[in-house]
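Visitor: For reference, the sequence and a predicted model appear below.
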Amino acid sequence: MAEELIIPTSTDKKEKYETLLPQIEGLLSNEPDLVANLANVSSALKFGMGFFWVGFYLVKDDELVLGPFQGPIACTRIKKGKGVCGTAWEKGKTILVPDIEQFPGHIACSSDSRSEIVLPGFKNEEVQLVLDVDSDQVNDFDTTDQVYLEKIMKLVESKL
Ligand code: SME
């Protein structure tokens, strides 16, 4: 496994993800420990894509609990159906929020967050965790992010 992330130099979002995807696959390939893998995926996305906040919330009993992340400190517990993360968990679907001020019930862990995308990760058809990516810019996420982050989530799911 490479110990150093090759940071994409392209300004094209798709090309950046294309550079990162095989590296993330490599990072996960020989490591069975979930926390180690979630930590490295968070770091690869944070430093590879330059996102403001990247991290995982894990389903524990009846709530989401903060897991490995990169970025400013964040809320530790989120109830099902609450905020973007709790909604993605409840619906079992990716939620893309172009402007957090337009999402009723958005949970502001940081006042600098402006847009957000949250993806659920499944095992045995049950949501086990969510990946949350935040930007300090409005409208920072689009279907390219959704497509590639869902590919990355598939890699994560293979380790659950
Ligand atoms: N904004 C999220 C909470 C998590 S933080 O952004 C890290 C939400 O509404 O669920």
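Guide: Noted; the coordinates are in hand. Numbering: from 1, shown residues only.

Visitor: show me what contacts residue 135?
Guide: Taking C-beta atoms under 8 Å, 6 or more residues apart in numbering, we find residue 135 in contact with 51, 52, 113, 114, 115, 116, 141. Glycine gets a C-beta too; all of them are placed from N, C-alpha and C.

Visitor: one more time with 10 Å
Guide: 49-53, 97-98, 100, 112-117, 141, 145 (C-beta atoms under 10 Å, 6 or more residues apart in numbering).

Visitor: For the buried ones among those, write the corresponding ChimeraX selection.
Guide: Here is the ChimeraX command that selects the buried residues among the contacts of residue 135 (16 or more other C-beta atoms under 10 Å):
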select :49,51,52,53,97,98,100,113,114,115,116,117,141,145
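
Visitor: taking the contacts of residue 135 one by one, which sit in helices?
Guide: 49, 145 (DSSP state H).

Visitor: near the ligand too, which of the contacts of residue 135?
Guide: Restricting the contacts of residue 135 to those touching the ligand (C-beta under 6 Å from any ligand atom) yields 53, 113, 116.

Visitor: How confident was the prediction at the residue of the chain found nearest the ligand?
Guide: Using C-beta to the nearest ligand atom, residue 83 is the residue of the chain that sits closest to the ligand, at 2.7 Å. Listed pLDDT for residue 83 reads 97.

Visitor: Does the residue nearest the centre of the chain belong to a helix, a strand or coil?
Guide: Note on the chain: the residue nearest the mean C-alpha position is residue 131, at 3.0 Å, using C-alpha atoms, centre = their mean. Secondary structure state of residue 131, per DSSP: H, G, I helix; E, B strand; the rest coil, is strand.
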